[in-house]
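A.B. asks: Sequence first, predicted model second:
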Amino acid sequence: MKPIAARIEAMPPSGIREIMTLADATPGVIRLVAGEPNFATPDHILEAAAQAGRDGYTKYTSNRGILELREAIVTKLEDRNGFTVDTEQIVVTLGDINGIISSLLALVDPGEAILIPDPSWPNYVSVADIVGAEVVRFPLLPGSGYLPDIEALDRICASTPNAKAIVINSPSNPTGAVYDVASTEAVLEIAARHDLYLISDECYDEIVFDGEHISPASLDDSGRVVSVYSVSKTYAMTGWRIGYVAANEHLTTMMCKTQEGMVSCPVGVAQKAAQAALEGDQSCVAEMRDAYKARRDRVLPLLEEAGILLSRPHGAFYVMVDTSATGMNGYDIARRLVAEHGVAIAPGETFGPGGEGTIRLSLATGMDDLLEGVGRVTKALEDWSW
Ligand SMILES: Cc1ncc(COP(=O)(O)O)c(C=O)c1O
């Protein structure tokens, strides 16, 4: 048989998935590994989905998604993200990840490059591999709360003539950084100077504990910003697979073609569930955010006391831990933590070279398990340090 595609064969598997699989096979493991809310999807959303099934939302929808949902998205973007688009500038996608790949497919020709933060969500690399884009990383500054190193980004853009887009992610996975206005403006300015698109992954836009979320599109009128969102984390709806992209109309029209070729459209009942989420009572969002914040506020002093807190997360639900004193690779740490201490975390290396010497803990776990898990991690790291 002929070999399968070389670029897919060469793709590294997700380090997070590897540890999740290991945890699945090991009884009694506390999971601080996945970026998945431990809450159930709120009842009014479930009810809306059931009703949508009865109302016949069981067919293909437009590539852009159901109009009523896009109207709800337009209102949400205006009220909560501070920018105005019309319904033709929206594409409803199968989660944020589908929004990222679909926009990149529409923007990037094979051989062109995308610039991604280091460290960042590993799926940006797999998406680039699928699209055939080269990946160039730009550094985040751990000493400044993992905000982008603006001078380095500018230099890297200047020395990457095949670059097409910069990807940013605030609030950030894995660092919990929330970009301030100055950083957002600086990145926008660099994108404009080098004539690049700015893909802004905002899937944690409503999970901010300190300060406020800034949507780059609210500061831009050039049309180069591609804003990508999701209901996955905000409403505990990871399995419903609904996200959405707001961008200039030409790009969203091209994305109808990429969506048609990949998925045609998201599931109708899931779109109606997302509409109910966006239009319904928002107290569930505040309740979940408050729970993540309470967990963060309990965990940070423990990590600080152990001398292993790397930076204070201001949003999303992750915290980066310094493992450099162990001299061990993050994958070895992660595998040994599962096998010997019954706790699963994500190895820092999976987020890029900038993640070396770190591990990522997820706060999306109930308080008791979280505190027990953090206790096991700090004890093990202390034992392994020299
Ligand atoms: C930065 C980032 N973007 C996107 C996603 C995926 O979101 P969705 O479930 O909507 O595809 C995640 C999930 O962990 C993430 O951390």
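C.D. replies: Here it is on my side, so go on.
A.B. asks: domain ranges for this structure?
C.D. replies: 6-41+283-384, 43-279 (automatic domain parsing).
A.B. asks: Redo these as JSON lines? Include distance to the ligand and mean pLDDT.
C.D. replies: Every residue, glycine included, has its C-beta placed from N, CA and C. Formatted as JSON lines, those follow (distance: least, Cβ to the nearest ligand atom, whole Å; pLDDT from 0 to 100):
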{"stretch": "domain 6-41+283-384", "distance to the ligand": "4", "mean pLDDT": "96"}
{"stretch": "domain 43-279", "distance to the ligand": "3", "mean pLDDT": "97"}
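A.B. asks: Quick one: name whatever helix or strand follows whatever helix or strand residue 319 lives in.
C.D. replies: Residue 319 belongs to strand 318-322 when elements are defined using DSSP states H and E. Where DSSP H and E defines the elements, the next helix or strand beyond strand 318-322 is helix 330-341.
A.B. asks: buried stuff in that next one?
C.D. replies: 330, 331, 333, 334, 335, 337, 338, 341 (16 or more other Cβ atoms under 10 Å).
A.B. asks: residues contacting residue 247?
C.D. replies: Counting by Cβ atoms under 8 Å, 6 or more residues apart in numbering, residue 247 makes contact with 89, 91, 103, 223, 225, 226, 227, 255.
A.B. asks: for the second one, helix, strand, or coil?
C.D. replies: What that stands for is residue 91. strand (DSSP: H, G, I helix; E, B strand; the rest coil).
A.B. asks: list the contacts for it?
C.D. replies: 63, 64, 65, 99, 102, 244, 245, 247, 252, 255, 256, 259.
A.B. asks: hey, what's the closest residue to the second one other than its chain neighbours bridged with?
C.D. replies: Leaving aside its chain neighbours, residue 64 sits nearest to residue 91 (5.2 Å; criterion: Cβ to Cβ, 6 or more residues apart in numbering). Judged by DSSP bridges, the bridge partners of residue 91 are residue 245.
A.B. asks: Distance-wise, check residue 91 relative to residue 213.
C.D. replies: Using Cβ to Cβ, to the nearest Å, we find residue 91 at a distance of 21 Å from residue 213.
A.B. asks: repeat for residue 324
C.D. replies: 31 Å.
A.B. asks: When the two are compared, which one has more neighbours?
C.D. replies: residue 213 (21 against 13; other Cβ atoms under 10 Å).
A.B. asks: Give the helix, strand or coil label for the more buried one.
C.D. replies: Criterion first, three-state DSSP; result for residue 213: coil.
A.B. asks: tell me which residues in stretch 174-189 are buried?
C.D. replies: 174-180, 183-188.
A.B. asks: What are the boundaries of the strands in the protein?
C.D. replies: 30-31, 90-93, 113-118, 134-141, 147-148, 163-169, 197-201, 225-230, 243-246, 318-322, 343-344, 346-347, 358-362 (DSSP state E).
A.B. asks: From the chain's centroid, how far away is stretch 226-234?
C.D. replies: 8 Å (Cα atoms, centre = their mean, to the nearest Å).
A.B. asks: mind listing what residue 373 touches?
C.D. replies: Here residue 373 is in contact with 30, 31, 32, 343, 361, 365 (criterion: Cβ under 8 Å, 6+ apart).
A.B. asks: Name all residues that make contact with residue 2.
C.D. replies: Residue 2 neighbours (Cβ under 8 Å, 6+ apart): none.
A.B. asks: What of the one 10 residues further on?
C.D. replies: For residue 12, the contacting residues are 122, 125, taking Cβ under 8 Å, 6+ apart as the criterion.
A.B. asks: Could you double-check that residue 264 sits in contact with residue 62?
C.D. replies: No: Residue 264 is not in contact with residue 62 according to Cβ atoms under 8 Å; the separation is 9.7 Å.
A.B. asks: ok, the two, which is more surrounded?
C.D. replies: residue 62 (14 against 11).
A.B. asks: and that one, what are its phi and psi?
C.D. replies: Note on residue 62: its backbone torsions stand at phi -60, psi 160 [degrees, to the nearest 10].
A.B. asks: With residue 110 instead?
C.D. replies: Per-residue torsions, residue 110: phi -50, psi 140 (degrees, to the nearest 10).
A.B. asks: tell me the contacts of it?
C.D. replies: So residue 110 contacts 131, 132, 133 (Cβ under 8 Å, 6+ apart).
A.B. asks: got the contact list for residue 130?
C.D. replies: So residue 130 contacts 8, 101 (Cβ under 8 Å, 6+ apart).
A.B. asks: Likewise for residue 194?
C.D. replies: With Cβ under 8 Å, 6+ apart, residue 194 has these contacts: 157, 158, 163.
A.B. asks: could you redo the last one with a cut-off of 6 Å?
C.D. replies: residue 157 (Cβ atoms under 6 Å, 6 or more residues apart in numbering).
A.B. asks: And it, how far from residue 139?
C.D. replies: 17 Å.
A.B. asks: and the closest residue to residue 8 other than its chain neighbours, how far is that from residue 31?
C.D. replies: Ranked by Cβ to Cβ, 6+ apart and with sequence neighbours excluded, the top spatial neighbour of residue 8 is residue 129, at 7.0 Å. Separation of residue 129 from residue 31 (Cβ to Cβ): 27 Å.
A.B. asks: ditto for residue 63
C.D. replies: Counting by Cβ to Cβ, the gap from residue 63 to residue 31 is 36 Å.
A.B. asks: Go through the contacts of residue 110 and give me the one with the most neighbours.
C.D. replies: In the contacts of residue 110, the most neighbours by other Cβ under 10 Å go to residue 133, 26 neighbours.
A.B. asks: show me what contacts it?
C.D. replies: 108, 112, 114.
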